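Colleague: got a predicted structure here, sequence first:
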Amino acid sequence: NAGVMQNPRHLVRRRGQEARLRCSPMKGHSHVYWYRQLPEEGLKFMVYLQKENIIDESGMPKERFSAEFPKEGPSILRIQQVVRGDSAAYFCASSAGLNTEAFFGQGTRLTVV
Amino acid sequence: AQTVTQSQPEMSVQEAETVTLSCTYDTSESDYYLFWYKQPPSRQMILVIRQEAYKQQNATENRFSVNFQKAAKSFSLKISDSQLGDAAMYFCAYRLVQGAQKLVFGQGTRLTINP
């Protein structure tokens, strides 16, 4: 049973470009969480999704950021018109349901140049 | 709002010795989980130990144990017989049992093991 898979592991974008980060949850998991980790800081919650639904997006910036988890395929975190301050590691976690353990992927390190 | 504070940015310990990492949190809820995660240089977030707030008994996992003081809102991690592979960032985290499923993390403590 493969773990949570995130790709790419590293992503470099120029200012103003779009970044797409993908997360394939563990088999049987229908809950996905996205977190952002700035350098030398802890992880900060961004968004919580179940299949086709956004449950909690209280940590998402109001502009440029969006997330989806379609019926088929991975969850996508999309950042439009990236700026230098978006440079961070973005982690995805998945769980089988409420109050079950969440397993983390290895993260995507986004660098905006 | 719930907050988690780790007051030790860095800690070091001699191999085979014992080290304790501190964590305090603030919440008005009574039913929640507390976690310690390890993040080695590979960046993988690895769950070390978990504590349910309703349980008075401190959780233990092999060389890792916690000191959970609910009234003081304190949740420290003790690592016994430290090994070189324990070197990593350690994050304390909080999550409600009911309602919001998001984890709230502390700032982290970088643990160095001296051979």
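Modeller: Yep, that arrived.
Colleague: burial of residue 108, as a residue count?
Modeller: Assuming you mean chain A. Using other C-beta atoms under 10 Å in any protein chain shown, A:T108 has 23 neighbouring residues. For every residue, glycine as well, the C-beta is placed using N, CA and C.
Colleague: let me rephrase: I mean chain B.
Modeller: Per other C-beta under 10 Å, the neighbour tally for B:G108 reads 23.
Colleague: how near is it to A:R20?
Modeller: 28 Å (C-beta to C-beta, to the nearest Å).
Colleague: what of A:Y48?
Modeller: 19 Å.
Colleague: go on, A:V113?
Modeller: 17 Å.
Colleague: the two: which has the busier surroundings?
Modeller: Legend: neighbour count by other C-beta under 10 Å for A:V113 and A:R20, higher for A:R20 (14 against 10).
Colleague: I figured the more buried one hits A:S75, correct?
Modeller: No - look at A:R20 against A:S75 with C-beta atoms under 8 Å: they stay out of range, at 11.0 Å.
Colleague: so who does the residue positioned nearest the centre of chain B touch?
Modeller: Residue closest to the average C-alpha location in chain B (C-alpha atoms, centre = their mean): B:W36, at 3.2 Å. Counting by C-beta atoms under 8 Å, 6 or more residues apart in numbering or on different chains, B:W36 touches B:21, B:23, B:47-49, B:64, B:66, B:75, B:77, B:90-93.
Colleague: again, only using 7 Å
Modeller: Applying C-beta atoms under 7 Å, 6 or more residues apart in numbering or on different chains, we find B:W36 in contact with B:48-49, B:77, B:90, B:92.
Colleague: before we move on, what about B:S65?
Modeller: Neighbouring residues of B:S65 by C-beta under 7 Å, 6+ apart: B:58, B:78.
Colleague: quick check: pLDDT value at it.
Modeller: We have a pLDDT of 97 for B:S65.
Colleague: surely it is within a strand?
Modeller: Yes - under DSSP: H, G, I helix; E, B strand; the rest coil, B:S65 sits within a strand.
Colleague: tell me how far it lies from B:I79.
Modeller: 8 Å.
Colleague: what does A:H29 give?
Modeller: Distance, A:H29 to B:I79, using C-beta to C-beta: 30 Å.
Colleague: so for those two, which sits in the more crowded spot?
Modeller: Each of A:H29 and B:I79 has its neighbours counted (other C-beta under 10 Å); B:I79 has more, 23 against 17.
Colleague: and that one, what are its bridge partners?
Modeller: Counting by DSSP bridges, B:I79 is bridged to B:V19, B:F64.
Colleague: which residues touch it?
Modeller: Taking C-beta under 7 Å, 6+ apart, we find B:I79 in contact with B:18-19, B:63-64, B:86.
Colleague: just B:Q44 next, same as before
Modeller: Neighbour list for B:Q44: A:104, A:106 [criterion: C-beta under 7 Å, 6+ apart].
Colleague: and stretch B:24-33, what's its mean pLDDT?
Modeller: Computed over stretch B:24-33, the mean pLDDT rounds to 93.
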